[in-house]
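Student: Kindly generate the corresponding structure for this input.
(3 chains)
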Amino acid sequence: MGYYLSVLTFTSITVVAITSIYVITGLAGLFSLGQAAFMAVGAYTSGILITRLSMPFLPAVVFGIAAGMLAAFLVGIPTLKLRRDYIALVTFGFGEAIIAILNNTANVTGGAMGLVGITPYTTTPVAVGIAVLAVVLARNFKYSRFGRQCIAVKNDEVAAASMGVNVAGIKMMAFLFGSALTALAGTLYASYTTYVEPGLFVWTLSAEWIIIVFFGGVNSLTGAVVAAVLLGTLPEILRATAEWRIAIYSVLVLLIINFRPSGIFGEYELPLWRSIARRFRRAG
Amino acid sequence: MKKLAIITIVLFAAAAMLVSASGQREDGAIRIGVIQDLSGPTSVWGNAVARGAELAVSEINAAGGIDGRQVELRTYDVRLSPQEAITAYNRLVDQDRVTAIVGPPISNIGLSLAPVAQAKGVPIVGSFIDPRVTVQPNGEPWTNMFLMQPSSVQYSEIIADFALTELGARNLAVMYDQTNAFSVSLVEPFRNYVNAHGGNVALEVTYTSDDRDFRTQLSQIQRSGADAVYLPIYIQEAVLTLQQAEQVGLDIPMIGGLDFAPPFTDLLPDPTLADGIYVANNYSDSEPQLVDVRAAYMDMFGEEPINKAFKGYDKILIIADAIRRAGSTEPAAVSRAIARTSNLRGTTGILTISPDNHQPVGLSMVMYQIINGEYSELGRHVPESHR
Amino acid sequence: MYFLQQILNGLSLGAVYSLIAVGFALVFNILKFSNFSQGGLITVCAYIGFMITRTFGLGLGATLALTALAGGVIALLVERVAFRRLRRKNSPLIYYFVSSITMGILLENLITIYFSSNFYAFPRFFARSTVRFGPFFMATTDLAMLGISLSSLLILMIVLYRTTFGTAIRALSMDMNAARLMGINVNFAIAGTFFLVGVFAGLGGVFLGINYTLYPQLGKLIVKGFVASVVGGLGNILGAVVGAILLGLLEVILVGVPGIGSGLSPVVVFVILLVFLIVRPQGIAGIIVKEKV
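Tutor: Predicted structure coming up:
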């Protein structure tokens, strides 16, 4: 039982992170190669507050999210105006810089030896509950006015601007919202493993998330969530084939990208979600 | 599109069912889990530990098992990830119902497993040298975490003492990887010991695991006028350091750790590059207890065992010994028995585990000097304070 | 004195980065995406080079030539598997990116599986490890690398500017459709580019293997090439070389700066990068070379 619960918990945390990538990359078309660093910001902020100041979980999570959003704001101001490939580079550089800072502030963060003894507040129901909440928030965002503006900006920035969309503003909004979710995933992670170290949040993790989103379908929240669950549990399923599993995983992704570039789910969303969204829109 | 999605999900569900079914087989064997990095950056070590453990188990089984029961290993790859380690631990405990677990030689994994093991009760015997893996912040040992080689503190004190007493060095320099927990954990105890015993750490330089060029750091060491330099670093960096030290012209004695142990010199383009290096290892090749194990290992896997392989072997010896003494395969009883391991003859020394900190007592290291590319043994070194 | 020596060290490091950055720039030049599979390609080439020397006992020159050839062939395969179909379907750039990262992970993992991540090292190719110029020294391998990267870059420039094939590549980089209409065989030209990328990966892989020993994560250095090629101006080959050398110099200098060292140098690099992109988003190349290659 404990085994399934721990797989479920980690999968829920991945779902939160993937939801954030869906908002940033899927909706706004921004490419963050340093998103894992925002997870680190959330994890370390909440972890330090919990271990050093004995802060309870909820305020620590709130501070973790706030720190993540603050970092996103600072990175976003100069960056979001740049060309899209430069955004990838700057976020990547930001990620490396965060790891360097974490390694060099050992008296606060523990440096390479990690931050230990974080109280294990994240239980399975908490993680699952927050994952559901994150997905609902992202869905509402997608079907809100802002979500539609995001998609317009992603498809054609000039056209969107001429239609009166505040391009810089809407990009920033998606980036802040997404990074808040990433930081949230970080706070959950820290309070589940009780141990974090800088090396966990390298750019390959950010790249892995982007791959998962594309696997499910970059235009489908349903797809992103299902892909997070599938690829989150795939390593467990493939555990028997130990060393081959990463190779298998890569081949699967290559097949999807090549033969079904819109991802498994394409534009598809669960009907239930669409109808709720429609009602939502009619009411609003 | 919907079809493809459904097919994928069904396939995954079927695979998941298969996997969970495979965990349920029950027979009379004693199960021992193995958690190692088999495919990540430290996989060389993980594979060596896993193989050493495999050898020990096959020998135990050939000799009739433990109290007449055969032993069966369950090995999981965790790719150096705390997340995977926690899941693997839960799987070994809940699905495979193992009695005890052979842990990795990696402190980071040990740190993330300690609280889970405390809660779930199945003991882990590992070679994670960070003392925080076995001792809680309040000074109590983590109930189910056991270390079977010198901790980073014991280890760096042995090295520091060797540098001060045998090499007569007074001014020491240190170069380490500040992004690597193993490397960092070996620095502070070294510095403390040297400063407390009349020496002086003149210079500490760092690099990160992304760096491949250490010539600036090595030039700084050369200019600092240190008598010797301590290098608690990983094997690839050690190879680079020696090549680049030659280029920079740095030729003061270097004292390295386990990573300089055989077959390190085989990796150098020229083994004599390593001349003048002092190496600490857990055992000596000339010690008789090793000979048979080495031969059996080469027979089974067709390669020389590295020191992590002997540790894997000893971890199984410790667990098997504890099961015998406990007369039970119940994890809590085995855990209590491991804490009272005493005078157990392993390949890496006579193992006694302290119930106070779950670390070994009185383990020494064998010092070597590399001369003409060959390891020349200087005997076991035990600091005065460790006796 | 010490400072001049550091500059020499920085140049050596920059030469390593430039071999990576050029491959990056070549692909970006035409297909406009950052090709992360090159990291895996370099790793594979390093091991191939090692197998070649070990099996046939060849010297450096022959090893380099054979590995460069092998690298070219593998790069053709990579293009075929990871990008050809995407191109035919006119997929958005982001798919190339995902495909390239996955391909990189796959290559790295095949190496991990095959070599069980044991460490290997090249034999020593030069009798003397350093060459001295008065008070200064340079590692022989670095000198060889500097020489070979410079001459291969020169050859690359000649290919790009003095051959029909080069003209085709340059035409593609400006407008793929127009080039196609002008009768350029796009598939052939792109395959040719990837072959060149593979050749550079082969050279880079062997030198990285010699200098830094062999391990499956060797390709991680690709990120340095990425940074260098952006600083130089994405897709610009000379710019990438300049960016790589600047990055090498900067890193070596930062290590010597008290309070920064190697640990905090990513922070400084990030800040410089950010300032650079805001002030000069077209990269350095805008100053040094007018025409976009």
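
Student: Okay, and residue 191 sits in which element?
Tutor: All of this refers to chain A. If you go by DSSP states H and E, A:S191 is part of helix A:167-193.

Student: Let me rephrase: I mean chain B.
Tutor: Secondary structure from DSSP H and E places B:R191 in helix B:188-196.

Student: The helix or strand that that helix is followed by: which residues count as buried?
Tutor: Using DSSP H and E, the helix or strand that follows helix B:188-196 towards the C-terminus is strand B:200-207. Buried residues in strand B:200-207, counted by 16 or more other C-beta atoms under 10 Å in any protein chain shown: B:V201, B:A202, B:L203, B:E204, B:V205, B:T206, B:Y207. Yep, even glycine has a C-beta here, placed from its N, CA and C like the rest.

Student: which other helices and strands contact the helix or strand just after strand B:200-207?
Tutor: Later in the chain than strand B:200-207, the nearest helix or strand by DSSP H and E is helix B:215-224. Applying 3 or more C-beta pairs under 8 Å, 6 or more residues apart in numbering or on different chains; DSSP states H and E, one finds that helix B:215-224 contacts strand B:171-177, strand B:200-207, helix B:235-248, helix C:2-31, helix C:237-256.

Student: Please tabulate these in a markdown table, including the columns distance to A:I48 and mean pLDDT.
Tutor: Compiled in a markdown table, these are given as follows (distance: least, C-beta to C-beta, whole Å; pLDDT from 0 to 100):
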| stretch | distance to A:I48 | mean pLDDT |
| --- | --- | --- |
| strand B:171-177 | 23 | 94 |
| strand B:200-207 | 22 | 92 |
| helix B:235-248 | 30 | 86 |
| helix C:2-31 | 35 | 85 |
| helix C:237-256 | 27 | 87 |
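
Student: Skip the chain neighbours and tell me the closest residue to C:F28.
Tutor: Nearest-residue entry for C:F28: C:G235, 4.2 Å, with adjacent residues in sequence omitted and distances by C-beta to C-beta, 6 or more residues apart in numbering or on different chains.

Student: name the element the one you found belongs to?
Tutor: Going by DSSP H and E, C:G235 is not in any helix or strand.

Student: Now do it against chain B, distance only.
Tutor: Plainly put, C:G235 is 25 Å away from chain B if you go by C-beta to the nearest C-beta, to the nearest Å.

Student: isn't that residue right up against C:F33?
Tutor: No - in this structure C:G235 lies outside contact range of C:F33 using C-beta atoms under 8 Å: 10.1 Å.

Student: quick revisit: if we look at chain C, which of the buried residues of strand B:200-207 are close to it?
Tutor: B:V205, B:T206, B:Y207 (C-beta under 8 Å from any C-beta of the partner chain).

Student: which one of these is nearest chain A?
Tutor: Chain A has its nearest neighbour among those in B:T206, at 9.1 Å by C-beta to the nearest C-beta.

Student: Report pLDDT for residue 169.
Tutor: Just so you know, I chose chain A. Here, the pLDDT recorded for A:G169 equals 93.

Student: To clarify, I was referring to chain C.
Tutor: For C:I169, pLDDT reads 86.

Student: doesn't C:L246 make contact with C:L11?
Tutor: No - C:L11 is beyond contact range of C:L246, at 10.6 Å (criterion: C-beta under 8 Å).

Student: residue ranges with poor pLDDT in the chain?
Tutor: In the absence of a named chain, this looks at chain A. By pLDDT under 70, the low-scoring segments of chain A are A:238-243, A:272-284.

Student: that's the wrong chain, I meant chain C
Tutor: The model of chain C has pLDDT under 70 over residues C:1, C:116-118, C:281-293.

Student: ranges for the helices of the chain?
Tutor: Defaulting to chain A. A:2-21, A:35-53, A:57-79, A:84-104, A:106-109, A:124-143, A:145-155, A:157-162, A:167-193, A:203-216, A:221-237, A:245-259, A:271-283 (DSSP state H).

Student: oops, I was thinking of chain B
Tutor: With DSSP H as the criterion, chain B has helices spanning B:2-22, B:43-62, B:82-94, B:107-120, B:152-161, B:181-185, B:188-196, B:215-224, B:235-248, B:264-267, B:288-301, B:307-326, B:331-339.

Student: Give me the distance between the last one and the centre of its chain.
Tutor: Think helix B:331-339. 21 Å (C-alpha atoms, centre = their mean, to the nearest Å).

Student: Just want the angle from it to helix B:107-120.
Tutor: For helix B:331-339 against helix B:107-120, the angle by axes from the mean of the first three to the mean of the last three C-alpha atoms, to 10 degrees is 130 degrees.

Student: how about helix B:331-339: buried residues?
Tutor: By 16+ other C-beta under 10 Å, the buried positions in helix B:331-339 come out as B:P331, B:A333, B:V334, B:S335, B:R336, B:A337, B:I338, B:A339.

Student: what sits against the last one?
Tutor: B:A339 makes contacts with B:P141, B:F146, B:I353, B:P355, B:H358, as judged by C-beta atoms under 8 Å, 6 or more residues apart in numbering or on different chains.

Student: same thing but 7 Å
Tutor: B:I353, B:P355, B:H358 (C-beta atoms under 7 Å, 6 or more residues apart in numbering or on different chains).

Student: For the buried ones among these, write the corresponding ChimeraX selection.
Tutor: Burial among the contacts of B:A339 is assessed by 16+ other C-beta under 10 Å; the matching ChimeraX selection reads:
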select /B:353,358
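
Student: from the contacts of B:A339, which single one is nearest chain A?
Tutor: Distance to chain A, by C-beta to the nearest C-beta, is smallest for B:H358 among the contacts of B:A339, at 16.2 Å.

Student: So for C:G235 and C:F33, which residue has more residues nearby?
Tutor: Neighbours were counted for C:G235 and for C:F33 using other C-beta atoms under 10 Å in any protein chain shown; C:G235 has more, 25 against 21.

Student: what sits against that one?
Tutor: Contacts of C:G235 by C-beta under 7 Å, 6+ apart are C:A25, C:F28, C:N29, C:S173, C:K292.

Student: any idea which of those has the most stuff around it?
Tutor: Greatest neighbour count in the contacts of C:G235, by other C-beta under 10 Å, goes to C:A25: 31 neighbours.
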